[in-house]
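A.B. asks: A structural model of the following input is requested.
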Amino acid sequence: MTDAPASGLSRAEQLSASPRIFDNPILDKLSRVHWAFPLLYLPVAAWFFWRGLDGVSLGLSLGLAVFGYFAWTICEYVFHRWLFHTEFPGKFGERIHFLLHGVHHIYPNDPLRLVMPPLMSVPLMALAYVVTFAIFGAPYGYPIAAGFLVGYVIYDEIHFHIHHRKPRTKVEMTLRRLHLLHHFRDPERGYGVSAPYWDYAFGTAYAKDDKPGEKAL
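C.D. replies: Predicted coordinates for the structure are as follows:
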């Protein structure tokens, strides 16, 4: 395994590089994914929602789907803050941190590692499905799972959009500014990528006059 050090690259090359992170070529290929891959979860979410309509009214199903969406947003914040930014002890812990999130902060514009690869997203969504049905059961779990999946897709696509597409609306510019602050000012704040309101709720929001700089790198 390799951590693909950034030495020898210019700053611009480092920011957009797509380094090899596994010696095994199959594992390395599986660590990369096209930005459109998460869209494949949308038909699954649609099926979950349709399946739930067998036992839940349309209005309640919509409400449960919204609940599932917000459940994703809090998970997004919690995972980003307390899992992805945790530095585990030892060489093995350092390696885990690098693979989970460190590589993204070293190479933030890597176009093939801005959305979760199937090796991460499939087990995560499967776990969410199991937990949802363990707590809520059928038929309520179906629309909740649908909303959770849609929330995940929105998160991944916003993350790619922030790094690789020019913002055109005020909302897009705000999301981009906040995420760039996370990368280039203070990585200990701004954990909500698609849902920055959780940073205000948990006291990790940026000030209005904060600007991206060099500190985080």
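
A.B. asks: Past the lowest-mean-pLDDT helix or strand in the chain, which element shows up next along the chain?
C.D. replies: Across the helices and strands of the chain, mean pLDDT, DSSP states H and E gives its lowest value to helix 11-16, namely a mean of 58. Using DSSP states H and E, the helix or strand that follows helix 11-16 towards the C-terminus is helix 25-30.

A.B. asks: Return the set of buried residues in that next one.
C.D. replies: Within helix 25-30, the residues that qualify as buried are residue 28, counting by 16 or more other Cβ atoms under 10 Å. Any C-beta I mention is one placed from the backbone N, CA and C, and that applies to glycine too.

A.B. asks: ok now the helix or strand where residue 153 lies, how far from the chain's centre?
C.D. replies: For residue 153, the host element (DSSP H and E) is helix 141-164. Here helix 141-164 is found 8 Å from its chain centre; the criterion is Cα atoms, centre = their mean, to the nearest Å.

A.B. asks: Flag every buried residue along it.
C.D. replies: 141-163.

A.B. asks: swap in stretch 202-211?
C.D. replies: 204, 205, 206.

A.B. asks: Centre of the chain to that stretch, how far?
C.D. replies: That offset, for stretch 202-211, works out to 20 Å (Cα atoms, centre = their mean).

A.B. asks: which stretches of the protein form helices?
C.D. replies: Ranges of helices in the chain, per DSSP state H, are 11-16, 25-30, 41-52, 58-79, 90-97, 103-106, 118-136, 141-164, 170-184, 197-202.

A.B. asks: and of those helices, who's closest to residue 211?
C.D. replies: Among the helices of the chain, the nearest to residue 211 by Cβ to Cβ is helix 170-184 (7.6 Å).

A.B. asks: pLDDT of that closest one, averaged?
C.D. replies: For helix 170-184, mean pLDDT rounds to 95.

A.B. asks: ditto for stretch 24-38
C.D. replies: Stretch 24-38 comes out at a mean pLDDT of 94.

A.B. asks: What is the end-to-end distance of that stretch?
C.D. replies: Length of stretch 24-38, first residue to last, Cα to Cα, to the nearest Å: 24 Å.
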